[in-house]
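**Student:** Sequence below, structure please.
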Amino acid sequence: MSTTFGIRIPTTGEVIEVAFRTHYVRWENPLAHLLPDETKVEPLDNTAQGIYTIGDIKKAIEGNGEYTYTQTLNQFKADNDLLPNTEVQVKINELEQKLNELRKLVWNNTDQDWQIQRLK
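**Tutor:** Sure, this is the predicted structure:
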């Protein structure tokens, strides 16, 4: 299940979207990762499923890693079994090429700032 998470601004009641979870978790707001880990978040369109704070989102993003990209590729393969083979194969080849590029960014990064490299 996908879920959008937000933080509520106490003075205005406004909710700002900060993250989105589907097969993996990603930031929706480029400044959200700067918030303190204990900052509470609200699920806006589904259930929390274990994510209640910015710290929980950070842990989930750290857990994305290699498994998420492989899982997404495998899901795409499974979802597209009914399409003509050549069209699917072209898409799969494109996704596998992107996956290999992501692997290089993650595993060949020398400054250990792999999360930022992964998001580029």
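**Student:** pLDDT weak spots in the protein?
**Tutor:** Counting by pLDDT under 70, the ranges of the chain that qualify are 65-88, 105-120.
**Student:** can you pull out the helices in it?
**Tutor:** 54-62, 65-79, 85-107, 114-119 (DSSP state H).
**Student:** Quickly list the domain ranges of this protein.
**Tutor:** 3-62, 65-119 (automatic domain parsing).
**Student:** How much space separates the closest residue to residue 56 other than its chain neighbours from residue 12?
**Tutor:** Excluding the flanking residues, the one nearest residue 56 by CB to CB, 6 or more residues apart in numbering is residue 50, at 6.6 Å. For glycine as for every other residue, the C-beta is placed from the backbone atoms N, C-alpha and C. Per CB to CB, to the nearest Å, residue 50 is found 28 Å from residue 12.
**Student:** ok, now residue 93?
**Tutor:** From residue 93 to residue 12 the distance is 48 Å (CB to CB).
**Student:** More neighbours: these two, which one.
**Tutor:** residue 93 (10 against 7; other CB atoms under 10 Å).
**Student:** Please name the residues that touch that one.
**Tutor:** If a contact means CB atoms under 8 Å, 6 or more residues apart in numbering, then residue 93 has no contacts.
**Student:** same question, the one 5 residues further on
**Tutor:** When contacts are counted by CB under 8 Å, 6+ apart, residue 98 touches no other residue.
**Student:** ok, now how distant is it from residue 34?
**Tutor:** From residue 98 to residue 34 the distance is 28 Å (CB to CB).
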